[in-house]
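**Q** Sequence first, predicted coordinates after that:
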Amino acid sequence: MSNSSLELAGKNIVLGLSGGIAAYKAAELCRAMVKEGASVQVVMTEAAEHFMTKVTMQALSGRQVFGSQWDDTAVRVNGEGIANNMPHINLTRGADAIVIAPCSADFMAKLLHGRADELLSLMCLARPIAEVPLILAPAMNREMWANPATQRNVAQLKQDGNTVLDVGEGDQACGEVGDGRMLEADEILADLIAFFTPKSLLGQKVLITAGPTYEAIDPVRGITNLSSGKMGFAIARAAYEAGADVTLIAGPVSLSTPRGVKRVDVKSAHNMMLAAVKYADYATIFIASAAVADWRPTNPADQKLKKDGTGDVPQLSFVENPDILATIAQSERGKKGLSGMPDGLFCVGFAAESQDLLVNAQAKRIRKGVPLLVGNIGPATFGQDDNALLLVDAKSVKELTRASKRELAKQLVADIAARLGQSA
Ligand code: CTP
């Protein structure tokens, strides 16, 4: 049964393994794809079988694993057709993608020349090129990766319309250190999910603020809030998947950076303001999801404040922080964005309220001068994995009902793309 909330629901993916020590990661990748709702058909080269057994891959995929072009038992990957001794045809028709992980240097060289002397390369050549994209996850020693022959092959394979994923960097199985490692299974999975996402924000440059800010009282103490940054990080991920170039300005949070997103870490509202103003110049969309502290201590102490034994407590005074969203929204490009002009900056504000969400969100939209305000109930969402949103513009109100922040982020991105007249 297909569950549409799974990221790869309904996808038929051929997972091809060529020879390389990274084959162990293919086991995890297979499991992760199946968990996300994909049907995975594994095909292995003879070299791959030196590193991973068919038994393991069969158990993880729940399907017979193929390795020979002479196999007469293969039917089509979507379960249709008959076994007619043509595995190279049957295993590619109905597939949504062929993913080669690991893809060795030798296998890339074979693909480049259209060689077809074993099942996996034969399948790549025989696949309907317009319907079955080929995605390669290279895996090799750093010298092999850096070799001009490999780099030439990578460039040509990309030019031929194939997707070549990045390589990882660091310790290699051979003991050397450098570029060429295969990405981890979760990274390949994220790249695959992005690959299948409609590119509704292609060409857009999205700037996002996320998380809380931290306002120092002294070198060891400060004031912050309960924002986890999860919503903003989810929006950054969804915007990247939709094809945007994404910069994420993050307050102090413990979240990992979504793949493909440029992250700028800041602490205080002042730092966040400086970074946001700088990057807003290059952006076409600005989404202010950060829970920026409204006030900061007037004079943070250089040294730790100490008790003096009298029982007196320090008297703190506060000044108001700059309003990042209002500043950017009221810039020349922000104003153009508000009136829908093409070279404007489309600003999206958030409102974290504790009551009267609609009234407060409508008032805040006008006060900040933004075309779109996203309201949510702060105490019900801070730190949680789910949320409910209210999208308020000048004419209408739209409710995004309670769902995971991941799901809501995708819906919000689709909504913004539609407002900008972009749909995939
Ligand atoms: N915001 C900002 N800079 C600030 C305060 C808020 O950029 N100094 C942005 C937030 O990122 C959010 C929106 O403004 O997009 C509204 O934030 P919120 O905290 O809900 O509102 P405030 O402006 O602080 O108003 P109030 O505290 O009175 O509700």
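**A** Nice, thanks for sending it over.
**Q** Do a quick rundown of the helices in the stretch 251-400 of the chain.
**A** Using DSSP state H, counting those that start in this stretch, the helices of the stretch 251-400 of the chain run over residues 269-280, 324-329, 332-338, 357-368, 378-381.
**Q** what does the first one contact?
**A** Outside of helix 269-280, the residues within contact range by CB atoms under 8 Å, 6 or more residues apart in numbering are 207, 209, 213, 215, 247, 249, 251, 264, 266, 286, 288, 290, 292-293, 296, 321-322, 324, 327-328, 331, 333, 345. Every residue, glycine included, has its C-beta placed from N, CA and C.
**Q** filter those residues down to the ones near the ligand?
**A** Filtering these for proximity to the ligand by CB under 6 Å from any ligand atom leaves Thr209, Ala288, Ala290, Val292, Asn321, Ile324.
**Q** hang on, Tyr214 packs against Pro252?
**A** Yes: in this structure, Tyr214 is within contact of Pro252 by CB atoms under 8 Å, at 5.2 Å.
**Q** Give me the common contacts of the two.
**A** Thr224, Lys267.
**Q** In strands, which of the contacts of helix 269-280 fall?
**A** Those of those mapping onto strands are Leu207, Thr209, Glu215, Thr247, Ile249, Val264, Phe286, Ala288, Arg296, per DSSP state E.
**Q** Count the residues that sit near the first one.
**A** So the one you mean is Leu207. 30 (other CB atoms under 10 Å).
**Q** Then the third one?
**A** Other residues within reach of Glu215 by the criterion other CB under 10 Å amount to 23.
**Q** who's in contact with Val77?
**A** With contact taken as CB under 8 Å, 6+ apart, Val77 is in contact with Asn12, Val14, Ser39, Gln41, Asn90, Leu91, Thr92, Arg93, Gly94, Ala95.
**Q** Look up phi and psi at it.
**A** Backbone torsions for Val77, taken as degrees, to the nearest 10, come to phi -60, psi -20.
**Q** now it: how far from the ligand?
**A** For Val77, the distance to the ligand equals 46 Å [CB to the nearest ligand atom, to the nearest Å].
**Q** tell me the pLDDT at that residue?
**A** Here the pLDDT value assigned to Val77 is 75.
**Q** Then Lys25?
**A** With respect to pLDDT, Lys25 has a value of 98.
**Q** I would like the residues contacting the helix or strand containing it, please.
**A** Secondary structure assignment for Lys25, by DSSP states H and E: helix 23-35. With contacts defined as CB under 8 Å, 6+ apart, helix 23-35 is touched by 6, 8, 13, 15, 17, 40, 42, 48, 51-52, 56-57, 60-62, 99, 101-102, 182, 184-186, 188-189, 192.
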